[in-house]
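**Q** How does the following fold in three dimensions:
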Amino acid sequence: MVNALTGVVIALCLLRVWINLSGIPLVPQDNAWVPPESLPQILNLQLGPDPATTEITALPFWLRALGTTSTVAMTVMLVIVFRTVHLLARRSAEGRPFAEDVIRRLRRASSWLLVLIILRLLIDVATIAALNGWFPSAADSHGGGALGTDLPALSLNMLVAAAVAGVLAQAFHRGRQLSEDTDGLV
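**A** As a prediction, this is how the structure comes out:
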């Protein structure tokens, strides 16, 4: 079950990466695809009968790739959580919840999640900075709000998962010590 869920998460991430990097929109329309060799290209769309127009700029590949790495980092974090929970459940079913490999995996998961949370935050900052550099006239004092980007934020779900993994690693280590101390006692 966990392997299937992990596979689905990875497949959705790869689909998102392909959509972002290929320039093909999620909802296909007539002539919606912009060939990469035509970048940068500005299109003017007439919106209704009034003379208002909207400019749409096809972003260069490197900027789309930079923005997509945040999705990849989040997918890696989800896979780490799924695989750790899977190992913990498997060892518990075997009657060995305090096995050394579980404790080691929990510690590594906690560390990697913290590193990836910070990396994802830095990627978001770099993406907004690149967008502001690419569109200096649209940049405002709110971190790219005119460009439709959100302010960089820590992933609180993954931060909690990292903290829980660290606390569980300590608890399981202590449980292993207690089980070893009670071996042979009647």
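
**Q** Can you pull out the low-pLDDT segments for this protein?
**A** Residues of the chain meeting the criterion pLDDT under 70: 2, 23-58, 136-150, 184-186.

**Q** need the strands for the chain, in chain order.
**A** 42-46, 53-57 (DSSP state E).

**Q** hey, where'd the helices end up in the protein?
**A** Assigned by DSSP state H, the chain shows helices spanning 2-22, 61-93, 100-134, 156-182.

**Q** what about the longest one, distance to the chain center?
**A** In other words, helix 100-134. Mean-position distance between helix 100-134 and its chain equals 8 Å (C-alpha atoms, centre = their mean, to the nearest Å).

**Q** what do you get for the second one?
**A** Per C-alpha atoms, centre = their mean, the displacement of helix 61-93 from the mean C-alpha position of its chain is 7 Å.

**Q** tell me the angle that helix makes with helix 100-134.
**A** Counting by axes from the mean of the first three to the mean of the last three C-alpha atoms, to 10 degrees, helix 61-93 points 160 degrees away from the direction of helix 100-134.

**Q** Which elements pack onto helix 61-93?
**A** helix 2-22, helix 100-134, helix 156-182 (3 or more C-beta pairs under 8 Å, 6 or more residues apart in numbering; DSSP states H and E). (C-beta placed from N, C-alpha, C; glycine too.)

**Q** For the ones you listed, give me CSV that also has mean neighbour count.
**A** As requested, these are exported to CSV (neighbours: other C-beta atoms under 10 Å):
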stretch, mean neighbour count
helix 2-22, 14
helix 100-134, 17
helix 156-182, 15
